[in-house]
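J.: Provided below are the primary sequence and the corresponding predicted coordinates.
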Amino acid sequence: MISSLRNFAKTKLAGVFVGIIILPFVFWGMGDMFSSGNTNNVVKINEKSISTEEFIEYLNSSGIPEKTIRENLDQNIIEELLSGLVSTTLLDLEINDFELSISKLILLKKIKENKNFRDENGIFQRIKYEKFLLENNLSAPGFEQRLKTRELQKNLFDYIGAGTTSPQFLINKLYEEESQKLDIEFIDLKDFYVKKENITEEELNKFIIENKEQLKVEYLDFSYSIINPKNLIGIDDFNQTFFDKIDQIEIDISNEFDFKTIISNFNLTSIDIKDFKFSPDSNEIEKKIFELRNNKFDIFEIGNDYILYHIKNISQKEPDLNDDQIKQEVLELVFQKNKFDYNQKLLNEITNKKFNNNNFLELGKEKIQMIKLNSVRDNKKFDINAVEVLYSLPEKSFTLINDENNNIYLAKVKKFEKQIIDTNKEEFKQYIDKQNSKSKNSLLKSYDTFLNDKYDVSLNQQTIDRVKNYFK
């Protein structure tokens, strides 16, 4: 989490996505109420209180529109934003504890070194700096305070992880693990799945019965009218008269005029559709009406036309195998289910150690293939995550893996081939930084645990609820 907090200042919405630092803070509403009874405070961190005014100011500075907050109250956006404020407050407390500071001269140097404020010759241009502030609605003191905060946070993380140097044996170990070659044997399982042409009508019907609620198909009865300047005002121009009439149609809809009345008033023609079900082959207008089916009566724009539509009825029916499109969709579902069941059965046998080399040979016979992976980054055949799984397993073990097209394979880890370490190779030198980074991240995780013990976070749930009510 410290590593994720390190990126806090990189995005305007970073506070929304910052992980919650203090473990008791995860369980919203589980913290004790303030014994002082101060209802103006929303959070208390040890002796430090965060007032409602500070939280509201933080919300305003987040750049998230009030409408967005209001629409996402049920998704706990207030709690997420509050977690961001708590995270930054904790960082401020730690910065003060370590007495970290940054001088005005260093701050000025950071601004002048920013490539966004330099010309093509690399010379700082104040006019570029001022233009940036204007375009982003920032004041110079405000921007400089944000920059100072970001630099202090960076200094904090550098301070915590300072001096992280990994011993040679860890670097060697990492190099060996990731650069060693790996021989594997694998079987493409596509030949073991039930073919679509072998799936019977009886199986399809059985599948429908077992999943009839999930498989119900939505059918719509609706009417719509295609509106353009030619059929609305008699000419091809999109002029003010045309748009005035479109506005009037929208007013009539809001005044609950029915579809037929509007069509009649504007001398329009309509198209009636019955038992429409979505299909990729349907025309774009009818697909759009299907997408908008929750709003039964409205007008929308598509291409150079406006579409006035009215959905009369929405019904759900069980799949009809006499409809070729539906039959093909159900067939695909049954095919995918059979694949999943086969893979699952095989994986369970591997997990429960009921699958051995004899089973592998018997299953594969002439279908067994071999490949040598050159490193843990070698994804020329299999998905990179699958390669990492293979490298994490011992020799003679089995697993299921996939390629980037989600084809599934049964794989056997046959043999690892360690590489001779050459400390002079540029590739090896990269592992020094990589292992140091791993060690530093491990140290920062320990720092997380330390923070959990150091700070007690208490929430005033009543105040949080009042903030939520403000946006309702």
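T.: Nice, thanks for sending it over. Residues are numbered from 1 along each chain as shown.
J.: right, and residue 286 touches residue 274 too?
T.: No. Using CB atoms under 8 Å, residue 286 makes no contact with residue 274, being 11.8 Å away. To be clear about C-beta, it is placed using only N, CA and C from the backbone, and glycine gets the same treatment.
J.: more crowded one of those two?
T.: Per other CB atoms under 10 Å, whichever of residue 286 and residue 274 has more neighbours is residue 286, with 19 against 11.
J.: pLDDT score assigned to the more buried one?
T.: On pLDDT, residue 286 comes in at 96.
J.: what do you get for residue 462?
T.: 84.
J.: just for the stretch 351-472 of the chain, where's the confidence low?
T.: By pLDDT under 70, the low-scoring segments of the stretch 351-472 of the chain are 419-446.
J.: got the residue ranges for the helices in it?
T.: Listed in chain order, the helices of the stretch 351-472 of the chain (DSSP state H, counting those that start in this stretch) span 357-364, 384-392, 426-454, 461-471.
J.: Extract the CA atoms of the first one and return them as CSV.
T.: C-alpha atoms of helix 357-364 as CSV (Å, rounded to 0.1, in the frame of the first residue of the first chain):
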residue,chain,number,x,y,z
ASN,A,357,2.9,-39.3,-15.7
ASN,A,358,1.2,-42.5,-16.9
ASN,A,359,-2.1,-40.6,-17.2
PHE,A,360,-0.3,-37.9,-19.1
LEU,A,361,1.2,-40.4,-21.5
GLU,A,362,-2.0,-42.3,-21.9
LEU,A,363,-4.0,-39.1,-22.6
GLY,A,364,-1.4,-37.5,-24.9
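J.: Which elements pack onto it?
T.: Secondary-structure packing of helix 357-364 (3 or more CB pairs under 8 Å, 6 or more residues apart in numbering; DSSP states H and E): strand 181-188, strand 408-417.
J.: which other residues reach the longest one?
T.: Judged by CB atoms under 8 Å, 6 or more residues apart in numbering, the contacts made with strand 408-417 from elsewhere in the structure are 180-190, 339, 343, 346, 357, 360, 363-364, 370, 382, 390, 393-403.
J.: which neighbours does it have in its sheet, and in what orientation?
T.: strand 181-188 (antiparallel), strand 398-402 (antiparallel) (DSSP bridges).
J.: closest one to residue 279 among those?
T.: Residue 279 lies closest, by CB to CB, to one member of the strands paired with strand 408-417: strand 398-402, at 30.0 Å.
J.: With only the CA atoms kept, save that closest one in PDB.
T.: Only the C-alpha atoms of strand 398-402 are listed here, as PDB (Å, rounded to 0.1, in the frame of the first residue of the first chain):
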ATOM      1  CA  PHE A 398       1.400 -30.800 -14.000                       C
ATOM      2  CA  THR A 399      -0.900 -27.800 -14.600                       C
ATOM      3  CA  LEU A 400      -3.400 -26.300 -17.000                       C
ATOM      4  CA  ILE A 401      -2.200 -23.200 -18.800                       C
ATOM      5  CA  ASN A 402      -3.500 -20.900 -21.600                       C
END
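J.: And the contacts of that strand?
T.: Strand 398-402 has contacts (CB under 8 Å, 6+ apart) with 186, 189, 343, 346-347, 350, 355, 360, 382-383, 386-387, 389-390, 393, 408-413.
J.: Kindly write the PyMOL command that selects the buried subset of the residues you listed.
T.: Here is the PyMOL command that selects only those of those that count as buried (16 or more other CB atoms under 10 Å):
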select buried, resi 186+189+343+346+347+350+355+360+382+383+386+387+389+390+393+408+409+410+411+412+413
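J.: Show me where the stretch 1-150 of the chain has its strands.
T.: Assigned by DSSP state E, counting those that start in this stretch, the stretch 1-150 of the chain shows strands spanning 41-45, 48-51.
J.: Could you tell me which ranges of the stretch 151-300 of the chain sit under the pLDDT cut-off?
T.: Across the stretch 151-300 of the chain, the ranges flagged by pLDDT under 70 are 159-178.
J.: which residue ranges form the strands in it?
T.: Under DSSP E, counting those that start in this stretch, the stretch 151-300 of the chain gives strands at 181-188, 217-227, 271-276, 297-302.
J.: would JSON lines of these with distance to residue 75 be doable?
T.: Shown next, in JSON lines, are those (distance: least, CB to CB, whole Å):
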{"stretch": "strand 181-188", "distance to residue 75": "42"}
{"stretch": "strand 217-227", "distance to residue 75": "26"}
{"stretch": "strand 271-276", "distance to residue 75": "33"}
{"stretch": "strand 297-302", "distance to residue 75": "26"}
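J.: domain parsing for this protein?
T.: 2-161+450-471, 181-198+326-417, 217-317 (automatic domain parsing).
J.: Ok, which of those comes nearest residue 208?
T.: Closest to residue 208 of these is domain 181-198+326-417 (CB to CB; 6.5 Å).
J.: Show the end-to-end separation of that closest one, please.
T.: With CA to CA, to the nearest Å applied, domain 181-198+326-417 spans 5 Å between its terminal residues.
J.: Kindly format the C-alpha coordinates of the longest strand anywhere in the chain as PDB.
T.: Longest strand of the chain, by residue count under DSSP state E: strand 305-317. Taking C-alpha atoms only, strand 305-317 is exported to PDB below (Å, rounded to 0.1, in the frame of the first residue of the first chain):
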ATOM      1  CA  ASP A 305     -31.600  11.300 -38.600                       C
ATOM      2  CA  TYR A 306     -33.600  11.700 -35.400                       C
ATOM      3  CA  ILE A 307     -35.500   8.600 -34.200                       C
ATOM      4  CA  LEU A 308     -38.800   8.900 -32.300                       C
ATOM      5  CA  TYR A 309     -39.700   5.600 -30.700                       C
ATOM      6  CA  HIS A 310     -42.200   4.000 -28.500                       C
ATOM      7  CA  ILE A 311     -41.800   0.600 -26.800                       C
ATOM      8  CA  LYS A 312     -45.200  -1.000 -26.400                       C
ATOM      9  CA  ASN A 313     -44.300  -4.200 -24.700                       C
ATOM     10  CA  ILE A 314     -41.300  -6.100 -23.300                       C
ATOM     11  CA  SER A 315     -41.600  -9.800 -22.700                       C
ATOM     12  CA  GLN A 316     -39.200 -12.700 -21.800                       C
ATOM     13  CA  LYS A 317     -39.500 -16.100 -23.400                       C
END
